[in-house]
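*Asks:* sequence and predicted model, in that order:
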Amino acid sequence: MLNVSRLSVRIGDRAVVDDVDLTVMPGETVGVIGGSGSGKTLTALAVLGLLPAAASRQGRIEFDGTDLCVAPERHLRRIRGARIGFVGQDALAALNPLATVGRHLRIPLRRHRGLSRTASAHAVTELLDQVGLPADAARTYPAQLSGGQRQRVAIAMAIASRPALLIADEPTSALDPPTQAGILDVLRALPMTADGAPAALLLISHDLAVAGQICDRLVVMHDGRVVETGDTAGIVATPQHPYTQALVASARILAA
Ligand SMILES: Nc1ncnc2c1ncn2[C@@H]1O[C@H](COP(=O)(O)OP(=O)(O)OP(=O)(O)O)[C@@H](O)[C@H]1O
């Protein structure tokens, strides 16, 4: 479904993402892990066509059979938020402080799924339930919610269109461990997409312990390059690259 090949992103004369290959199959949960500055976020932004103005990209990003690197901006606008959802680290930044949770959810429901007013009211309740929030959360405002509840709302907004792929960039890193676990449960149980196929998740995280809990496969990035990729269980059991070995060792120490 998503097939990134030989992706490079340059800012000035620096290749901040260098020759990255990455695939996500329908229904698959893939984690992109690596340290700060390793190029994870820019890889995600390149897929969304939302790189900073100073950046340029090369390579191929095939999604639903179209190369997004050469697709016109109107094609990207059509798939962003509809076929590809996005959740970032800072839910507060994604939410309008003056709008209720219900209003946040009705906008994508009406825009992307074309639901009537009555149908979208029902769909709001269903979405809230999918992310573990009670129906009466629809009448609350972002400031009245905890950080974890706000992140649940941000995920509900991102999945309202039933996207084929959800990109989540450090969705739990601003949250305490019990709250993180709740958000990972929500991401693990993504609903079906509009065409009935299972949704896929591309999870960006610096934390192997987080990605390892819910990802089928991991892509390890270091200094802008993919240094290792494989099944989560295999990577955790027998990491090959020295950087991955260090990541696994430090996750073990933290878990001990
Ligand atoms: N707008 C920008 N202008 C200049 N350099 C940038 C910009 N955005 C990112 N970079 C640089 O590109 C490199 C990769 O950044 P990126 O945000 O993809 O890293 P990351 O792996 O997501 O790290 P983090 O976990 O800290 O967000 C970093 O060295 C960063 O400083």
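*Replies:* Nice, I can see it. Numbers count the residues shown, from 1 in each chain.
*Asks:* run the chain-centre distance for the helix or strand hosting residue 230.
*Replies:* Element membership of residue 230, judged by DSSP states H and E, is strand 225-231. Centroid separation between strand 225-231 and its chain, computed with CA atoms, centre = their mean, to the nearest Å, is 18 Å.
*Asks:* mind listing what's buried in it?
*Replies:* Residues of strand 225-231 classed as buried by neighbour count (16 or more other CB atoms under 10 Å): 225, 226, 227, 228, 229, 230. Yep, even glycine has a C-beta here, placed from its N, CA and C like the rest.
*Asks:* do I have it right that residue 191 meets residue 166?
*Replies:* No. Using CB atoms under 8 Å, residue 191 is not in contact with residue 166, being 10.2 Å away.
*Asks:* between the two, what contacts are shared?
*Replies:* Counting by CB atoms under 8 Å, 6 or more residues apart in numbering, the contacts common to residue 191 and residue 166 are 159, 199.
*Asks:* for the two, indicate the residue with more neighbours.
*Replies:* residue 166 (22 against 12; other CB atoms under 10 Å).
*Asks:* so how far is the ligand from the more buried one?
*Replies:* Going from residue 166 to the ligand by CB to the nearest ligand atom, to the nearest Å gives 17 Å.
*Asks:* ok, residue 89 next?
*Replies:* 8 Å.
*Asks:* go on, residue 44?
*Replies:* On the measure of CB to the nearest ligand atom, residue 44 and the ligand end up 8 Å apart.
*Asks:* next, count neighbours for that residue.
*Replies:* When neighbours are counted by other CB under 10 Å, residue 44 comes out with 22.
*Asks:* and stretch 98-114, how far out from the chain's middle?
*Replies:* 20 Å.
*Asks:* how about stretch 2-21?
*Replies:* 19 Å.
*Asks:* of the buried residues of strand 225-231, closest to residue 97?
*Replies:* Nearest to residue 97 among the buried residues of strand 225-231 is residue 226, at 38.7 Å by CB to CB.
*Asks:* intersect the buried residues of strand 225-231 with the contacts of the ligand.
*Replies:* The subset of those lying close to the ligand, counting by CB under 6 Å from any ligand atom, is empty.
*Asks:* OK, now which residue of the stretch 51-200 of the chain is nearest to the ligand?
*Replies:* residue 52 (3.6 Å; CB to the nearest ligand atom).
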